[in-house]
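Visitor: Fold the following.
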Amino acid sequence: MNKKYELTDETLVVNGQRIHRIQAIRDFGYIKAGDLGGFIKSEANLSHHNNCWVSYNAWAIYNSRIYDNAYIDKYARVYGNAQVYGNAKIVGHAEVYENAKIYGNAQICEDARIYGNAKIFGNAQVCEDVRVYGNAKIYDNSRVCENAKVFGHSRVYEYSQVCGNARVRGNTQIYGNAEILDTAEIYGDASVGADAKISGNAKIYGDAQIYEYAAVSGNAKIFRHAHIYGNARIYGNAQVCGITWVYGTTKIGGDDKLDSGTWNKWD
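Guide: Numbers count the residues shown, from 1 in each chain. Okay, here's the model as predicted:
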């Protein structure tokens with residue numbers, strides 16, 4: 001094996017484990033022989049193949065593995081049994097740990113935390129103070145930012161976004177160009193897709209489905225088997241539940257409550 005780095009004598013002690021700063025001993029990728037990198041526990045943490053690297057003051061310790069062309073920079077931390085590979089990048093003060101996997105062209109930045117069995121891949125971006133954990137998956141071109149949390153068995157994919165203080169959990173699916181914003185919560189087996197937008201303190205749960213160009217805002221609640229689609233607008237303190245279909249340009253607000261049936265309006 002043609003080694004590309006060595007452990008230096010510069011060390012830190014982290015939770016009782018001594019870790020070493022690395023130094024390149026040959027050119028590869030953007031790295032030149034003699035360049036100093038970040039810290040690892042042993043060569044098991046960072047592959048000598050391809051262009052993967054741990055840079056600056058970043059750590060890759062315990063049983064974590066960095067390989068392929070993955071890049072860990074700034075003050076990022078990768079530890080536990082976490083794996084970062086492909087062309088993934090972990091930067092800022094981000095932390096990836098436990099059994100989390102980051103791969104493809106995914107980017108984790110700022111103060112994001114990815115842990116549990118979570119997987120981030122494709123071209124997904126997770127940044128700021130986001131928390132992704134459990135068995136959640138973020139992939140394709142999706143983006144999770146600000147203070148959002150995604151956990152449970154949730155999936156966020158395609159071009160969807162989860163931002164603000166939104167919470168996505170359970171077995172939910174967020175897809176298409178959907179946006180989950182503010183303090184909205186999506187849970188249970190609910191799904192939000194296409195160009196739908198959920199904002200305010202809205203809650204979507206049960207088996208509810210929101211799609212096409214529908215928007216749910218305010219303190220509205222959509223649950224059980226309700227379907228909201230078309231250009232429908234649900235807002236205020238409205239509640240829609242049961243086996244209910246709301247579509248077209250229907251608007252339901254105030255304290256209205258719909259439990260089973262079909263409501264539609266076309267301009």
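Visitor: Low-confidence bits of the chain, can you list those?
Guide: Across the chain, the ranges flagged by pLDDT under 70 are 263, 265-267.
Visitor: please redo it, this time with the cut-off set to 80
Guide: Applying pLDDT under 80 to the chain flags residues 1, 261-267.
Visitor: What is the burial count for Asn231?
Guide: For Asn231, the count of nearby residues is 17 (other C-beta atoms under 10 Å). Bear in mind the C-beta positions are built from the backbone N, C-alpha and C, glycine included.
Visitor: now Met1
Guide: Neighbours of Met1 under the rule other C-beta under 10 Å: 7.
Visitor: Check Asn264 too.
Guide: Neighbour tally, Asn264, other C-beta under 10 Å: 13.
Visitor: quick one, what contacts Ala82?
Guide: Contact analysis of Ala82 by C-beta atoms under 8 Å, 6 or more residues apart in numbering lists 64-65, 96-102, 114-115.
Visitor: Same list, these, but as a markdown table with neighbour count please.
Guide: What follows is the contacts of Ala82, written out as a markdown table (neighbours: other C-beta atoms under 10 Å):
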| residue | neighbour count |
| --- | --- |
| Ser64 | 25 |
| Arg65 | 18 |
| Val96 | 29 |
| Tyr97 | 19 |
| Glu98 | 14 |
| Asn99 | 15 |
| Ala100 | 26 |
| Lys101 | 21 |
| Ile102 | 29 |
| Ile114 | 29 |
| Tyr115 | 19 |
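Visitor: And stretch 46-55, what's buried?
Guide: Residues of stretch 46-55 classed as buried: 46-47, 52-55 (neighbour count, 16 or more other C-beta atoms under 10 Å).
Visitor: err, stretch 20-32, not the other one
Guide: 20-22, 24, 28, 31.
Visitor: ditto for stretch 104-115
Guide: For stretch 104-115, the buried set under the neighbour-count rule, 16+ other C-beta under 10 Å, comprises 104, 106-110, 112-115.
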